[in-house]
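**Q** build me a model from this:
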Amino acid sequence: DHGGTQEQVQRIPLIISTPNLLAEKRGVELPDEVRLVDINPIISRIVGLPLPAQLEGSAKSVEGLFQ
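**A** Here you go, the predicted model:
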């Protein structure tokens, strides 16, 4: 059933560890929700790659976290 309808099953933390993370943001829990389609844009943003226009996802949840 694609993961069920229980919130514990649908909400999985995304943990980011990178040397590009701003020091004041390390260890901070953000309330933003991230969808599966956001993973590609988030990883692209972390490594400094441009985001392809055709991507459905967004890197908004990690804006302001990196140098």
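**Q** pull the helix or strand with minimum mean pLDDT from this protein.
**A** helix 7-10 (a mean of 70; mean pLDDT, DSSP states H and E).
**Q** what does the following helix or strand past it contact?
**A** Sequence order places helix 39-47 as the next helix or strand after helix 7-10, per DSSP states H and E. Contacts of helix 39-47 from elsewhere in the structure, counted by C-beta atoms under 8 Å, 6 or more residues apart in numbering, are 14, 16, 18, 20, 34, 50-51, 55, 57-59, 61-63, 66. Using the backbone N, CA and C atoms, a C-beta is placed for each residue, glycine as well.
**Q** ranking those by neighbours, who comes first?
**A** V62 (22 neighbours; other C-beta atoms under 10 Å).
**Q** next one: phi and psi at it?
**A** phi -110, psi 10 (degrees, to the nearest 10).
**Q** do the same with P52
**A** Taking degrees, to the nearest 10 as the convention, P52 sits at phi -60, psi 140.
**Q** F66 too?
**A** phi -120, psi 160.
**Q** and it, bridged to which residues?
**A** L21 (DSSP bridges).
**Q** that one reaches I16, doesn't it?
**A** No: in this structure, F66 is not within contact of I16 by C-beta atoms under 8 Å, at 9.3 Å.
**Q** look up how far Q54 lies from the residue sitting nearest the centre point of the chain.
**A** Nearest to the geometric centre of the chain sits I42, at 4.9 Å (C-alpha atoms, centre = their mean). According to C-beta to C-beta, to the nearest Å, I42 stands 16 Å off from Q54.
**Q** same check on V28?
**A** Remark: distance between V28 and Q54 (C-beta to C-beta) = 31 Å.
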